[in-house]
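Participant: Curious how this folds, go ahead:
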Amino acid sequence: MKENDEGTQSGSVSDEWGAAFEETKQVQAAKKGEVEARPASFSNLKPESSGAVANMDMLLDIPLTVSVEIGRTRLLVKDLLQLGQGAVIELEKLAGEPMEILVNGRLIARGEAVVVNEKFGVKLTDIVSPSERISRLK
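Facilitator: Down below sits the predicted model:
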């Protein structure tokens, strides 16, 4: 091989590249006619009785925030600052309307107030359907 002025080799290098390209073309042409097809194989699905229970146990330990709303209202900051002991805040709900039970801020049920052992509680009267929950997301 001869080196030119820039120090690169000429002549046989281009011959080597040409031979490599030609060899690649021949291999690709030979593979075009060959198509190897194999049937797909899948393993049978088996219920994992112990795994499913273990996964459910993990979900049962997730803490949730449950809150009950008797009503809502909007106030200006100046009105909020003027509130004092004995002040009455008017809510948007009417007396006797069911309260809303929220889990992590999402409505899941409605109920009415009850007193149990001198503590307030909520008796569930209506569970929100999945379709109603989805419509409230929009």
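Participant: residue boundaries of the helices in the protein?
Facilitator: Counting by DSSP state H, the chain has helices at residues 12-33, 49-60, 77-81, 130-137.
Participant: hey, least reliable of those helices by pLDDT?
Facilitator: Least confident of the helices of the chain, judged by mean pLDDT, is helix 49-60 with a mean of 69.
Participant: First-to-last residue distance for stretch 70-84?
Facilitator: 20 Å (Cα to Cα, to the nearest Å).
Participant: what's the spacing between it and its chain's center?
Facilitator: Centroid separation for stretch 70-84 versus its chain: 35 Å, with Cα atoms, centre = their mean, to the nearest Å.
Participant: In it, which residues are buried?
Facilitator: By neighbour count on 16 or more other Cβ atoms under 10 Å, the buried set for stretch 70-84 is empty. C-beta here means a position set from N, CA and C on the backbone, and glycine is covered the same way.
Participant: Now do the top strand by length along the chain, average pLDDT.
Facilitator: Using DSSP state E, we find that the single longest strand of the chain is strand 106-116. Strand 106-116 carries an average pLDDT of 92.
Participant: Listing partners with orientation, what would you give for that strand?
Facilitator: strand 99-103 (antiparallel), strand 119-127 (antiparallel) (DSSP bridges).
Participant: how about the longest one: buried residues?
Facilitator: Of the residues in strand 119-127, those buried by neighbour count under the rule 16+ other Cβ under 10 Å are Val122.
Participant: how about the CA coordinates for that strand, as PDB?
Facilitator: Listed next in PDB are the C-alpha coordinates belonging to strand 119-127 (Å, rounded to 0.1, in the frame of the first residue of the first chain):
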ATOM      1  CA  LYS A 119     -69.400  11.000  69.900                       C
ATOM      2  CA  PHE A 120     -70.500  12.000  66.400                       C
ATOM      3  CA  GLY A 121     -70.600   9.400  63.700                       C
ATOM      4  CA  VAL A 122     -72.000   9.000  60.200                       C
ATOM      5  CA  LYS A 123     -74.500   6.400  59.100                       C
ATOM      6  CA  LEU A 124     -73.900   5.600  55.400                       C
ATOM      7  CA  THR A 125     -77.100   5.900  53.500                       C
ATOM      8  CA  ASP A 126     -75.800   5.900  49.900                       C
ATOM      9  CA  ILE A 127     -72.700   4.500  48.300                       C
END
